[in-house]
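Peer 1: turn this into a model:
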Amino acid sequence: MDFQNIVQGIMPWFFSHGLKIIVILVGAALIIRFAKIFIEKFVRRLIKPDQVAKDPDAEKKREDTLIKIFNSTLTMIIWAIAVLMILPELGIDISGIFLGAGIIGVAVGFGAQYMIRDFLAGLFIMLENQYRVGDVIQIAGIGGKVEDITLRKTVLRDIDGAVHHVPNGEIKVASNKSQEFSRVHLKIGVAYKEDIDHVTQVLNRVCKEITEDPKWKASILKAPEVIGIDEFADSAIIIKVLGETMPLKQWEIGRELRRRIKITFDKEGIEIPFPQVSVWQRKELEK
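Peer 2: As a prediction, the model looks like this:
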């Protein structure tokens, strides 16, 4: 008899409030499910892959990160709205909650302003494709290879192997050394006595040889060549060599070019000078 009384007492509440709660929960779950499908398709179409060959895993990771961010943010907002709609059905006055949330929000806002700044900066870094995992960049005075990017921070590993965690809000200028293409940039010093035209011919020949080498050909976008005399230094004439390579290949090709140039200069008898100082004895000056 008591059970029947309980059921009879619950049924009116269930039909007047319970069904609304179920509809709200089911509706929120369906909205989140379809929103996730829409967000994934939208991001995949919005983020266009680079025309220049890139690591497809890094490209997919960037898309997945953006999808995860949008999904988690939307899910949190929808469930928050659903909870606020359910509370009145349970007889809870939400006006006091809004007042308390406002006071707490002001207090938390002062402490979380830097975190919000980092999150916004990270979002724009990903949307604008400033850099990605695998790129070599210079940010906040630190250079290295990007190992991870989140909304809050960028993780770099420098040439010494040290790992740097840089808050995205601290990044004012990001210099990407491996986006689309890179440049091999050499400054070659030769003695003042050398025939510059002959040195130029020799350097261009070495550049042509490495460009035609099957081992290096695929990594070179624009053959290195002599640009001209860059500087009259104290002990040498500095000649500039410039070319374009695939991203991250400039250092490898630059090292190989220097090796070949040294070998060829030795064969051609072209002197690569070192700093020299002429010393005059006082007796010779008096003569």
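Peer 1: tell me the pLDDT at Ser95?
Peer 2: pLDDT recorded at Ser95 is 66.
Peer 1: centre of the chain to the host helix or strand of Arg33, how far?
Peer 2: Per DSSP states H and E: Arg33 is located in helix 19-46. Its chain's average C-alpha position is 30 Å from that of helix 19-46, according to CA atoms, centre = their mean, to the nearest Å.
Peer 1: how far off helix 19-46 does the next helix or strand after it point, in degrees?
Peer 2: Toward the C-terminus, helix 19-46 is succeeded by helix 56-89 as the next helix or strand (DSSP H and E). Between the axes of helix 56-89 and helix 19-46, defined by axes from the mean of the first three to the mean of the last three CA atoms, to 10 degrees, the angle is 160 degrees.
Peer 1: helices or strands up against helix 56-89?
Peer 2: Helix 56-89 sits against helix 19-46, helix 95-127, with contacts defined as 3 or more CB pairs under 8 Å, 6 or more residues apart in numbering; DSSP states H and E. Where you see a C-beta, it was placed from the backbone N, CA and C, and this is true even at glycine.
Peer 1: so what secondary structure elements neighbour the biggest strand by length in the chain?
Peer 2: For the chain, the strand that runs over the most residues, judged by DSSP state E, is strand 220-232. Packing partners of strand 220-232 (3+ CB pairs under 8 Å, 6+ apart): strand 182-190, helix 196-212, strand 237-245, helix 250-268.
Peer 1: and the last one, C-alpha only, in CSV?
Peer 2: This means helix 250-268. Provided in CSV are the C-alpha atoms of helix 250-268 (Å, rounded to 0.1, in the frame of the first residue of the first chain):
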residue,chain,number,x,y,z
GLN,A,250,69.2,23.5,-45.4
TRP,A,251,71.7,22.5,-42.7
GLU,A,252,72.4,19.1,-44.1
ILE,A,253,72.9,20.4,-47.6
GLY,A,254,75.0,23.3,-46.2
ARG,A,255,77.3,20.9,-44.5
GLU,A,256,77.7,18.9,-47.6
LEU,A,257,78.4,22.0,-49.7
ARG,A,258,81.1,23.1,-47.3
ARG,A,259,82.8,19.7,-47.5
ARG,A,260,82.8,19.7,-51.3
ILE,A,261,84.0,23.3,-51.5
LYS,A,262,86.9,22.6,-49.2
ILE,A,263,87.9,19.5,-51.2
THR,A,264,87.6,21.4,-54.5
PHE,A,265,89.5,24.5,-53.3
ASP,A,266,92.4,22.3,-52.2
LYS,A,267,92.5,20.7,-55.7
GLU,A,268,92.3,24.1,-57.4
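Peer 1: what residues sit buried inside that helix?
Peer 2: The neighbour-count check on helix 250-268 (16 or more other CB atoms under 10 Å) flags 250, 253-254, 256-257, 260-261, 265 as buried.
Peer 1: what does the third one give?
Peer 2: Neighbour-count burial for strand 237-245 flags 237, 239, 241-245 (criterion: 16+ other CB under 10 Å).
Peer 1: now flag whichever of the residues you listed is closest to Glu128.
Peer 2: The shortest gap between Glu128 and any of these belongs to Glu244, at 23.5 Å (CB to CB).
Peer 1: sorry, back to before: adding pLDDT and distance to Ala174, write the buried residues of helix 250-268 out as CSV.
Peer 2: CSV is the format used below for the buried residues of helix 250-268 (pLDDT from 0 to 100; distance: CB to CB, whole Å):
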residue, pLDDT, distance to Ala174
Gln250, 90, 18
Ile253, 94, 24
Gly254, 94, 23
Glu256, 95, 29
Leu257, 95, 28
Arg260, 95, 34
Ile261, 95, 33
Phe265, 94, 38
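Peer 1: mind putting those residues in TSV, distance to Ser178 included?
Peer 2: Shown next, in TSV, are the buried residues of helix 250-268 (distance: CB to CB, whole Å):
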residue	distance to Ser178
Gln250	8
Ile253	13
Gly254	14
Glu256	18
Leu257	18
Arg260	24
Ile261	24
Phe265	30
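Peer 1: farthest pair within those residues?
Peer 2: Top of the distance list for those (CB to CB): Gln250 and Phe265, 21.6 Å.
Peer 1: where does the chain have low pLDDT?
Peer 2: Applying pLDDT under 70 to the chain picks out residues 1-15, 47-59, 61-62, 93-112, 276-278, 280-287.
Peer 1: domains for it, by residue range?
Peer 2: Structural domains annotated on the chain: 2-92, 136-176, 182-268, as defined by automatic domain parsing.
Peer 1: and those as a markdown table, adding distance to Pro275?
Peer 2: Formatted as a markdown table, the domains of the chain follow (distance: least, CB to CB, whole Å):
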| stretch | distance to Pro275 |
| --- | --- |
| domain 2-92 | 41 |
| domain 136-176 | 26 |
| domain 182-268 | 5 |
